[in-house]
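S.K.: the sequence and its predicted three-dimensional model are supplied below.
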Amino acid sequence: MLELQRPDSLVERVVSAIRAEIDAGRLAAESRLPTEQQLAEQLNVSRSVVREAIAQLKADGVLIARRGLGSYISQTPTGTVFRFPRSEGRKADLAQMFEMRLWIETQAASIAAQRRDEADLQRMREALQEMHDKRTDFDAAAAADVAFHRAIAEASKNDYFVAFHDFLRGQLAEARRTAWENSATRSVGGSADAGREHQALYQAIAESNRQAAAACAEAHLRASAKRLQLELPPMN
């Protein structure tokens with residue numbers, strides 16, 4: 001029997017309940033999912049909630065639709081899409097995202113310093129120049145900021161890291177836009193602090209100094225978090 005257990009939104013609770021049945025083996029790969037009406041009755045929610053949950057699970061690759069037959073568990077029931085937990089914009093969630101970035105991006109900067117080529121450095125320089133030229137245009141500056149960090153991801157020569165960075169793109173752009181605005185309202189130099197941090201990070205990568213690149217990446221992320229009134233825990 002399906003049961004709702006997590007105190008999230010109704011849709012998220014239905015998604016979690018169905019995933020729990022799959023994890024427990026009660027809904028096997030390629031088996032048919034109960035009908036919307038059956039799920040609505042078992043979970044005591046409306047059919048519209050069930051419909052939205054099923055749509056999310058289909059988008060995640062957990063379910064597949066068979067015309068005229070209903071929804072079935074896919075051959076990859078764990079899904080093919082990564083999702084962040086629903087954050088609702090809470091400050092604690094943003095802090096966790098920055099903490100995750102701290103772990104990942106310091107290592108990426110270190111590897112980029114070892115593997116970067118001239119084309120990678122050129123992309124970083126172009127992004128830095130764009131950030132400087134558009135420093136009073138917060139949207140454009142944030143986009144250039146994202147481009148700079150993507151260039152570092154590309155310099156790591158790891159396609160999985162690049163793909164993960166691209167997944168984060170929307171969340172990163174919004175966080176960086178807010179950080180640039182906060183920086184601009186607190187100092188005469190606007191986003192000058194962020195600019196200096198980026199330049200130091202670029203220089204370390206250009207000099208192939210892995211230790212310095214990791215340290216600069218960590219310093220930049222901690223400073224960025226602070227511009228959002230966030231304090232990150234020590235890494236060790």
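M.R.: Happy to help now that I have it. Numbering: from 1, shown residues only.
S.K.: please identify the helix or strand for Ala108.
M.R.: helix 91-115 (DSSP states H and E).
S.K.: can you list contacts of the helix or strand just after that helix?
M.R.: Note on helix 91-115: by DSSP H and E, the next helix or strand toward the C-terminus is helix 118-133. Applying CB atoms under 8 Å, 6 or more residues apart in numbering, the contact partners of helix 118-133 are 112, 140-141, 144-145, 147-148, 151-152, 154-155, 191, 194-195, 198-199, 202, 205-206. All C-beta atoms are positioned from the backbone trio N, CA, C, and that covers glycine.
S.K.: can you state the direction angle for helix 118-133 and helix 91-115?
M.R.: Between helix 118-133 and helix 91-115, the angle comes out at 140 degrees (axes from the mean of the first three to the mean of the last three CA atoms, to 10 degrees).
S.K.: pretty sure Ser71 is in a strand, no?
M.R.: Yes - counting by DSSP: H, G, I helix; E, B strand; the rest coil, Ser71 is found in a strand.
S.K.: what's across from it in the sheet?
M.R.: Ala65 (DSSP bridges).
S.K.: give me the pLDDT value at it.
M.R.: Looking at Ser71, its pLDDT reads 92.
S.K.: number of nearby residues for it?
M.R.: By other CB atoms under 10 Å, 21 other residues sit near Ser71.
S.K.: contact partners for it?
M.R.: Counted by CB under 8 Å, 6+ apart, Ser71 has contacts 32-33, 54, 58, 63-65.
S.K.: what is the most widely separated pair among the residues you listed?
M.R.: Arg32 and Lys58 (14.1 Å; CB to CB).
S.K.: thinking again about what came up before, what about the contacts of helix 118-133, which are in helices?
M.R.: 112, 140-141, 144-145, 147-148, 151-152, 154-155, 194-195, 198-199, 202, 205-206 (DSSP state H).
S.K.: tell me who's in contact with the residue nearest in space to the middle of the chain.
M.R.: Geometric centre of the chain, nearest residue: Leu168, 3.1 Å, by CA atoms, centre = their mean. With contact set as CB under 8 Å, 6+ apart, Leu168 has these partners: Arg101.
S.K.: returning to that earlier point: pull out the buried members of the contacts of Ser71.
M.R.: 33, 54, 63 (16 or more other CB atoms under 10 Å).
S.K.: does the second one touch Leu33 like I think?
M.R.: Which is Ile54. Yes - contact criterion CB atoms under 8 Å: Ile54 and Leu33 qualify, at 7.4 Å.
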